[in-house]
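In: just coords:
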């Protein structure tokens, strides 16, 4: 079930969604049969019990799932009673109503032992609704049509209309004062994940994308399945900032097995050569000798392209290919532990360095076979493993998404007036009257991020646009 499905005046509900939802039967405040999506109903019952215990307010379902025919009936009824102008502000046309999802509920409040069911009566209970709104996200609900967001949602403020999106998304929307449209279209950030061993980087991206209900999720540096550690995920417009966030330095802790050489250069691969070493290896000196810049041959099992084809595709097809070399810098390296047939080390390396290849090269330089058996990425630029979250923590809603402001706080920031803002959002070059040496971050007077510009002779030109114009009317 797609809990973040967007249905509004510009987004019709899809038949494929309608075929997947599971509706259950219950009763509304008038004791009429209504239907509601199964998970949404359980969340509603939990909310209802909590509101009763905490606030001594009794709520009930006034409306939930609606068929296209029922929505047309309501629309026609409002046209007769209130006219076209008012109807278009409060009632959706068939196929554009959230009530088709089964995730939306119009709640009623009981007052003087009677549930209110007229909009004019419910509107008088705004203060009561506000008390309820504070707790919605704890149960996975959002206020779907908040005040002062009419130009985005297309509908006037409805304090009774709540929408189930799940606890993770609901908290983000609540914390950032967003509508569902803004969340899906304009929410951006960076999430640091502690990738567990055995998963691909794509597996993590897919999982987080599903949990957040956002399709636009990427990462800034692949970790092999054998590796664990910090994986920097970009969300929304932050996916445009890959090259900004991709650090020149990465830190790893690697475990090495002595005596084996595999096709993948790690213990997940097929053993090609194997021998037992009978000599004492001076690992301390060997490790220190690799604190340098050198040309590193890329591993055949990598995603680097040669003649338009990824290297691992050559390997899988048993095709020969000349492996490219790349200059890499091992900035820091130190031996950590040693055993009879293994050792571990920490290293700080430049972007593009393959630790598997570094380990291979160490072995070859002393006529030994070295193979990577474990790898932990502890840092990627300024992002550290200690600040990363496991997938279990993310699923439990115990995580923090770094905002673009937090991520870009090292950039000089300039607040601009409306006239300059218009130039910036249109991507036009501007005079470098600020004496910017490299890049600069522009904000509007409301501290909304606009764009990153970079120096271009005497001007500043657009580098990355950060704002997205939204128009739902």
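Out: All right, it came through fine. Just so we're clear, the structure is a prediction, and the values are computed from it rather than from any experiment.
In: Low-confidence regions, the stretch 251-400 of the chain specifically.
Out: 278 (pLDDT under 70).
In: got the residue ranges for the strands in the stretch 1-150 of the chain?
Out: Using DSSP state E, counting those that start in this stretch, the strands assigned to the stretch 1-150 of the chain run over residues 23-27, 33-37, 59-63, 104-111, 114-115, 141-143.
In: What are the contacting residues of the third one?
Out: With CB atoms under 8 Å, 6 or more residues apart in numbering as the test, strand 59-63 has contacts from 26-29, 34, 36, 44, 47-48, 51-52, 99, 105-110, 115, 117, 132, 160. (Each C-beta comes from the backbone N, C-alpha and C, glycine too.)
In: before we move on, the earlier item: same list (the strands of the stretch 1-150 of the chain) but as JSON lines, adding mean pLDDT and distance to residue 268.
Out: Formatted as JSON lines, the strands of the stretch 1-150 of the chain follow (pLDDT from 0 to 100; distance: least, CB to CB, whole Å):
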{"stretch": "strand 23-27", "mean pLDDT": "96", "distance to residue 268": "46"}
{"stretch": "strand 33-37", "mean pLDDT": "97", "distance to residue 268": "42"}
{"stretch": "strand 59-63", "mean pLDDT": "96", "distance to residue 268": "53"}
{"stretch": "strand 104-111", "mean pLDDT": "96", "distance to residue 268": "47"}
{"stretch": "strand 114-115", "mean pLDDT": "94", "distance to residue 268": "62"}
{"stretch": "strand 141-143", "mean pLDDT": "98", "distance to residue 268": "43"}
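In: Pick the most deeply packed of these.
Out: strand 141-143 (a mean of 26; mean count of other CB atoms under 10 Å).
In: Which neighbouring elements make contact with that one?
Out: Secondary-structure packing of strand 141-143 (3 or more CB pairs under 8 Å, 6 or more residues apart in numbering; DSSP states H and E): helix 38-55, strand 161-164, helix 167-175.
In: report the longest strand in this structure, please.
Out: Criterion DSSP state E: the longest strand present in the chain is strand 325-338.
In: Run through who's touching that one.
Out: The contact list for strand 325-338, computed with CB under 8 Å, 6+ apart, reads 249, 253, 283-284, 287-288, 290-298, 343-350, 352-354, 358.
In: about what we covered before: I'd like the strands of the stretch 1-150 of the chain as TSV, with distance to residue 164 appended.
Out: Listed next are the strands of the stretch 1-150 of the chain as TSV, based on distance: least, CB to CB, whole Å:
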stretch	distance to residue 164
strand 23-27	13
strand 33-37	7
strand 59-63	13
strand 104-111	8
strand 114-115	21
strand 141-143	6
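In: and of the ones you listed, who's closest to residue 238?
Out: strand 141-143 (22.0 Å; CB to CB).
In: hmm, who's touching that closest one?
Out: Contacts of strand 141-143 (CB under 8 Å, 6+ apart): 43-44, 47, 133, 136, 159, 161-165, 169-170, 173-174, 180.
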